[in-house]
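> Let me see the structure of the following:
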Amino acid sequence: MDFLQRIFSLPRNQKRLVSLTIDSVFLICAFWGALLVRLDDISVLSNSTFWSVILVVMPISLVAFAKLGLYRAVLRYMGLQALVAILVGITVSTISLVLVSFYAEANIPRTVPLIYAAFSLVFIGGSRTIVRSIVGSGMKRSGEAVIIYGAGVSGRQLLTSLVQSHEYYPFAFVDDDVCLHGTVIQGVHVHSPSIIRKLIKQKSATKVLLAMPSASRAKRQEILTRLEPLAIQILTIPAMADLVNGTKLYSDIKEVEIDDLLGRDAVNPREDLLSANIKDKVVMVTGAGGSIGSELCRQILKQSPRKLVLFELSEFALYAIDRELNATAKELGLDVRILPIMGSVQRENRVQAVMQSFGVQTVYHAAAYKHVPLVEHNVVEGVRNNVFGTLYTARAAIAAKVEKFVLVSTDKAVRPTNVMGTTKRMAELVLQALSREQNKTRFCMVRFGNVLGSSGSVVPLFRTQIANGGPVTVTHPEITRFFMTIPEASQLVIQAGAMGKGGDVFVLDMGKSVKIVDLAEKMIRLSGYEVRSDKNPEGDISIEFSGLRPGEKLYEELLIGDDVTGTEHERIMTANELYLTWADYSVILDRLDLACHEFNHEAIRDILLKTPTGFAPTDGICDLVYQQKAKNLAAAKKVISFAS
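Numbers count the residues shown, from 1 in each chain. Alright, predicted model coming up:
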């Protein structure tokens, strides 16, 4: 084994020279072996004519093997292509033996070429198979013991990748296909999933590798549900699209995606809706560096806009998304001018100047403060950015004669219990009011729930807490949320925007709401740990309940009322919501603007309560500056009272 490893560690040219030398010896042995078997006379070894024949046939054979790519094949990965090269090469060698013998008048018996071919196949093909088997079996037994779930093409490719590494030792396959049970693939047995617990104990397996990239989300969820009670870490190979386009390898295993746990398959987007407001147009995304904004930019770029304006307040976020999009455009060969523009949506003249300068035709307004507790602690900035930022951007769009304006809204705008949700509902009211005042710019808004992996999402937080050994913190045992992947949400936002006629409130079908504590438990178990609880005090990671944060509610809704109708897209609905005229709403906004300017939090709270948004706060005013001023005032009063 050590000898073979030393040979494998040689430079490529030296390994090819070794192979040529060994194959030369094999061909000579095959030739003389065939003669000895046929003639049973050792004196033939002194026949100079026979030596001349093999010395001519041997280089012809080696050239044939080389031309067929046998010496380019890596022995450890030898497959069907190498086998074909060996068979064709031996056929060429045998024919050359017949021809050379005929023209040299060597008088070789007719059966010798056939015996020669058989010996050559055994020596050249068999030796490679034996060495490959020895090396493969020796390398497979190093590293962590793992089970591969899925014995199809992807599973076999994964096995081939893993046996060469020292990190994992794949000792078993499991597969739902009963036809595969009991079979052996590259020395690894295929078993039924029903005995997976036994297999895990047998080798103290540490991980199960899910090798089913093309399976539906529902199927993957079914498998994960079955594996969850085992408390073993589940890893998965990349999606089939990433494998096909070469951006990922089979060996690039990773943690299970949370959207696999949700079990909902994304609906293929409609290309006509995706491109309607984008292709060959000038498109602007506000908040382009955020979680939703950046994904919108990625999806928009694929639809080949003429220009893509990235409007972002954060310098680093703008730099990151600009660099990424330019690299993507170059890779895909897209002729799109990408324009990174720094600025705030709270500066109307800046927004308007940008829109007019570049002739913006479509705007996706994703700039907003979305983190519920942070907005509760920074009320004035939340109102300024979410309400007035939307107002200023919308007015700038009207002045710049933008064709379509799409607001990215949230399910927290429905019967809000917090300032963030209330400001997003007020932003919706801004567009509804403005859409009825003019028809130059068509406004619409798209409302959806949480997106997996966004800033502030519980999923990356849970991953970090699990990696650190816990505890995993959940605010309340009954809290539920809607979830959707960022790419799917962004595609649906673009498609909904294409259907907007003016003042539309679109609602995305988010599927069933998910209980957060259940999500936390699944993530713990699928990471290979057990949940520590009163029933299982010996578990690894506990779940702690921290209590609802300011403004947080147990569950979210997507609709204020029941007046909802479907659209031409199965995942997009339109809601008929209460709205205000611009004449009425502008008065409210003027009062709110003055209250924010004066940092009058009591007045701000009063205006938010009286505006028909359904605001029903569960806490008092939580703004940190307001609370500190109140403490300072109370302390000052105590000092004055004491002095008097």
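> Against residue 423, how distant is residue 578?
17 Å (Cβ to Cβ, to the nearest Å). Placement of C-beta: from N, CA and C, glycine included.
> Looking at those two, which one has more neighbours?
For residue 578 versus residue 423, neighbours defined as other Cβ atoms under 10 Å are more numerous around residue 423 (30 against 12).
> Is the closest residue to that one other than its chain neighbours in a helix, a strand, or coil?
Distances taken as Cβ to Cβ, 6 or more residues apart in numbering put residue 386 closest to residue 423, at 3.6 Å, once the chain neighbours are dropped. Put simply, residue 386 is helix when judged by DSSP: H, G, I helix; E, B strand; the rest coil.
> Near residue 271, how many other residues are there?
11.
> got a list of what it touches?
If a contact means Cβ atoms under 8 Å, 6 or more residues apart in numbering, then residue 271 has no contacts.
> again, only this time at 10 Å
Shown in contact with residue 271 (Cβ atoms under 10 Å, 6 or more residues apart in numbering): 279, 303, 495.
> Helix, strand, or coil at the closest residue in space to the second one that isn't next to it in sequence?
Distances taken as Cβ to Cβ, 6+ apart put residue 278 closest to residue 303, at 4.1 Å, once the chain neighbours are dropped. In terms of secondary structure, residue 278 is coil; the call rests on three-state DSSP.
> Return the distance of residue 278 relative to residue 495.
In terms of Cβ to Cβ, residue 278 sits 11 Å off from residue 495.
> Give the residues shared as contacts by the two.
In contact with both residue 278 and residue 495: residue 299, using Cβ under 10 Å, 6+ apart.
> C-alpha coordinates for stretch 191-202, CSV please?
What follows is stretch 191-202, C-alpha atoms only, in CSV (Å, rounded to 0.1, in the frame of the first residue of the first chain):
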residue,chain,number,x,y,z
HIS,A,191,-29.7,-0.9,2.6
SER,A,192,-33.3,0.0,3.4
PRO,A,193,-33.9,3.2,5.3
SER,A,194,-35.7,1.1,7.9
ILE,A,195,-32.4,-0.2,9.4
ILE,A,196,-30.6,3.2,9.4
ARG,A,197,-30.6,3.4,13.2
LYS,A,198,-28.8,0.0,13.3
LEU,A,199,-26.3,1.1,10.7
ILE,A,200,-25.5,4.3,12.7
LYS,A,201,-24.8,2.3,15.8
GLN,A,202,-22.9,-0.3,13.9
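> Okay, buried residues for it please.
191, 193, 196, 199, 200 (16 or more other Cβ atoms under 10 Å).
> ends of stretch 522-532, how far apart?
13 Å (Cα to Cα, to the nearest Å).
> Stretch 283-292 too?
Termini of stretch 283-292 sit 15 Å apart (Cα to Cα).
> Give me the distance between that stretch and the centre of its chain.
20 Å (Cα atoms, centre = their mean, to the nearest Å).
> Kindly report the same for stretch 192-207.
28 Å.
> what residues does it touch?
Counting by Cβ under 10 Å, 6+ apart, residues outside stretch 192-207 touching it are 143-149, 168-178, 180-182, 189, 191, 208, 223, 226-227, 229-235, 253, 528.
> which among those end up buried?
Buried among the contacts of stretch 192-207 by 16+ other Cβ under 10 Å: 143, 145-149, 168-176, 180-181, 191, 208, 223, 227, 230-235, 253, 528.
> Domains in this protein, by residue range?
Domain assignment of the chain by automatic domain parsing yields the ranges 2-137, 141-256, 271-449+486-511+559-610.
> between these, which gets nearest to residue 523?
Proximity to residue 523 (Cβ to Cβ) singles out domain 141-256 among the domains of the chain, at 8.7 Å.
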